[in-house]
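Peer 1: model this:
(one chain, ligands or ions: 2)
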Amino acid sequence: MPLSEKYRPRTFKELVGNDSVKERLKQWIGSWLMGKKQKPILLYGKVGVGKTSLAHVLAKQYNLHMIVISASDIRDAEHIRKLIPTTTMRKTLFGQMPVILIDDVDTLAYSSREDRGAVPAIAQLIRESGIPILLTANDVWDKKIASIRQLCELVQMKAPSYKQIEVVLKRVVKEEGIATSDKVIETIAKEANGDVRAALNDLEARRLGNRDREVDIFTLIKMIFYGKPIKEIANKLRLVDEDIGTIKLWIDENIPAFFNVNDELADAFNWLSKADVYGGGTYEFGRIKKTGAWKLYRYVPALIAAVSTARKESSSYGRFNRPAYINYMFKTQYLRNMRDAVCGKVSKRLHMNRREVWEDFPLYARILLKGGEDSKNYFRLDDKEWSFIKEVVEGKHGKSNHHKG
Ligand SMILES: Nc1ncnc2c1ncn2[C@@H]1O[C@H](COP(=O)(O)OP(=O)(O)OP(=O)(O)O)[C@@H](O)[C@H]1O
Ligand SMILES: [Mg+2]
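Peer 2: Ligands and ions are numbered 1, 2, ... in the order given. I've put the predicted structure just below:
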């Protein structure tokens, strides 16, 4: 799960910025709960500022039963009309107030074909339903949704400041145990330009290639391979802020270069595999501590450290390699994030399955590029995404098996 999903805010406090919007929503739902009918609220604002999240937080904090309508489940107007009778009920079976979320109503207007009339159907739903309705949109002034807009109270969500984004990043960094610096966090927060999702994706992309962390890992690996006492290594290992799976990758990668005698090699790998068995794979220290599984886990550092005992006088001193896998992940993680972002925007606009766009990406990249500025604007692609598309078309990121055409 991407960090941005994993750390979707759960409370009003975790959702940074837009305090007055939060207050307005609380008032609004308060009135509904007292039996006073209110106009639907249309939350609008830039991508990744927390529109969808805020709707979910409200539902959660007020124990509402939320029905979500988004572009991906709308096929036609009929689909929406079928919902209307259910939306006149005031309470659900469990006594919860229902609320409808019509997410990304602007793209929804594009995603259904005109003749199928999703927009009039939504307008009808708004007029006839007796329950709270929230809507979200990026482009609230789009002509296509004018008839819906008229029926709503417009509430703008502003982009959080970089300071506020820093708060989000710091929470994630802490909970994930990511080793990074305040400077890096500040840079990410500033570069995000108010888009919190982008900031979290950026953090995730850098996570695998963080140099600060590698300094520590180098020290640790050196201690292991130069045969320092196990106790010292085990202590260092506990301090290294890195998940055990990654540490093992480093050891694995470097064993062949440092243990040049056959039985040394076998011995080293043997210890490493024992660490695997006791470690249960890729647990992280932080998580282990929380769940209490550390009782078993405390053997692992000693076992990894014991790899060092496989080293004998005869062994050579070589150069350390960064595991190929980490290099690979660092590169592909970034590419995947970019590709994901573009696919998300394109599939939203075209009402397509995200996977379809993903699989035929090189083809879509060509079409997008051909459309020039117009398609850049239409799909709301930013400069980074646009240059990524160019690079794909130029073949910089390798040939894709899926290319048709
Ligand atoms: N104000 C915020 N506080 C904390 N996290 C946020 C905030 N806004 C966005 N995020 C993070 O970014 C992710 C995406 O946010 P969300 O889906 O709410 O954005 P959105 O405004 O609905 O964007 P879009 O226009 O693309 O639908 C969230 O899962 C969360 O991790
Ligand atoms: Mg949204």
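Peer 1: Assign residue 43 to helix, strand or coil.
Peer 2: strand (DSSP: H, G, I helix; E, B strand; the rest coil).
Peer 1: Would you confirm that it contacts residue 153?
Peer 2: No: counting by C-beta atoms under 8 Å, residue 43 does not reach residue 153; the two are 9.8 Å apart. Where you see a C-beta, it was placed from the backbone N, CA and C, and this is true even at glycine.
Peer 1: Looking at these two, which has the bigger crowd around it?
Peer 2: residue 43 (28 against 12; other C-beta atoms under 10 Å).
Peer 1: residue contacts, the more buried one?
Peer 2: Applying C-beta atoms under 8 Å, 6 or more residues apart in numbering, we find residue 43 in contact with 21, 51, 54, 55, 134, 135, 136, 137, 155, 156, 157.
Peer 1: tell me the SS of the closest residue to the second one other than its chain neighbours?
Peer 2: Taking C-beta to C-beta, 6 or more residues apart in numbering as the measure, residue 51 lies nearest to residue 136, with 4.1 Å between them; neighbours along the chain are not counted. Here residue 136 takes the strand state, with states given by three-state DSSP.
Peer 1: So that it lines up with my notes, have the first residue be 7 from now on.
Peer 2: Let's use 7 as the start, then, which means that last one is residue 142.
Peer 1: which residues does residue 128 contact?
Peer 2: 86, 108, 111, 114, 154.
Peer 1: continuing past the host helix or strand of residue 62, what's the next helix or strand?
Peer 2: Element membership of residue 62 [criterion: DSSP states H and E] is helix 57-67. Tracing the chain C-terminally past helix 57-67 and defining elements by DSSP H and E, one meets strand 71-75 next.
Peer 1: For that following strand, buried residues please.
Peer 2: 71, 72, 73, 74, 75 (16 or more other C-beta atoms under 10 Å).
Peer 1: what angle do that strand and helix 57-67 make?
Peer 2: 160 degrees (axes from the mean of the first three to the mean of the last three C-alpha atoms, to 10 degrees).
Peer 1: now strand 71-75: mean pLDDT?
Peer 2: Regarding strand 71-75, the rounded mean pLDDT is 85.
Peer 1: pretty sure residue 24 is in contact with residue 164, am I right?
Peer 2: Yes: at 6.1 Å, residue 24 and residue 164 qualify as touching, with contact defined as C-beta under 8 Å.
Peer 1: Need the overlap of contacts for these two.
Peer 2: Joint contacts of residue 24 and residue 164 (C-beta under 8 Å, 6+ apart) are residue 55.
Peer 1: ok, the two, which is more surrounded?
Peer 2: A count of neighbours by other C-beta under 10 Å puts residue 24 above the other of residue 24 and residue 164, at 24 against 13.
Peer 1: First-to-last residue distance for stretch 354-366?
Peer 2: 15 Å (C-alpha to C-alpha, to the nearest Å).
Peer 1: does it come close to ligand 2?
Peer 2: No: if you take C-beta under 5 Å from the ion as the test, stretch 354-366 misses ligand 2, and the best it gets is 9.6 Å.
Peer 1: hang on, the earlier thing: contacts only, for the residue nearest to residue 57.
Peer 2: 48, 49, 50, 57, 58, 61, 107, 108, 109, 110, 111.
Peer 1: Within the sheet, what are the partner strands of the host helix or strand of residue 160, with directions?
Peer 2: Under the criterion DSSP H and E, the helix or strand holding residue 160 is strand 159-162. In the sheet containing strand 159-162, its partner strands are strand 47-50 (parallel), by DSSP bridges.
Peer 1: sorry, back to before: identify the residues contacting the helix holding residue 62?
Peer 2: So helix 57-67 is contacted by 14-18, 20-21, 24, 27-28, 31-32, 35, 49-51, 70-72, 105, 107, 109, 140, 142, 163 (C-beta under 8 Å, 6+ apart).
Peer 1: Residue 130 against residue 88, yeah?
Peer 2: No: the criterion here is C-beta under 8 Å, and residue 130 misses it with residue 88 at 11.9 Å.
Peer 1: What residue in this structure comes nearest to ligand 2?
Peer 2: Per C-beta to the ion, residue 58 is where the chain lies closest to ligand 2, at 3.1 Å.
Peer 1: Tell me, how many residues neighbour that residue?
Peer 2: 18.
Peer 1: now do the one 5 residues further on
Peer 2: Under the neighbour criterion other C-beta under 10 Å, residue 63 is assigned a count of 21.
Peer 1: Distance check, it against residue 196.
Peer 2: For residue 63, the distance to residue 196 (C-beta to C-beta, to the nearest Å) stands at 25 Å.
Peer 1: and if you look at residue 12?
Peer 2: 23 Å.
Peer 1: Residue 114 against residue 123, yeah?
Peer 2: No: using C-beta under 8 Å, residue 114 makes no contact with residue 123, being 11.9 Å away.
Peer 1: If you count surrounding residues, which of those two has more?
Peer 2: Each of residue 114 and residue 123 has its neighbours counted (other C-beta under 10 Å); residue 114 has more, 28 against 17.
Peer 1: In terms of helices and strands, where is the more buried one?
Peer 2: helix 111-117.
Peer 1: State the next helix or strand along the chain beyond that helix.
Peer 2: helix 124-134.
Peer 1: The residue nearest to residue 394 when sequence neighbours are not counted: how many residues sit nearby?
Peer 2: Spatially, and ignoring its direct neighbours in sequence, residue 394 is nearest to residue 344 (4.4 Å; C-beta to C-beta, 6+ apart). A count of neighbours around residue 344, defined by other C-beta under 10 Å, yields 20.
Peer 1: Get me the contact residues on this protein for ligand 1.
Peer 2: Counting by C-beta under 6 Å from any ligand atom, the positions of the chain adjacent to ligand 1 are 10-11, 13-15, 21-23, 53-59, 110, 142, 144, 166, 174, 202-203, 206.
Peer 1: The same query, at a cut-off of 5 Å, please.
Peer 2: Contact residues, the chain versus ligand 1 (C-beta under 5 Å from any ligand atom): 10, 13-15, 21-22, 53-59, 174, 202-203.
Peer 1: did I read that right, residue 20 in a strand?
Peer 2: No: read with three-state DSSP, residue 20 is coil and lies in no strand.
Peer 1: ok, now which ones touch it?
Peer 2: When contacts are taken as C-beta under 8 Å, 6+ apart, residue 20 is in contact with 63, 174, 177.
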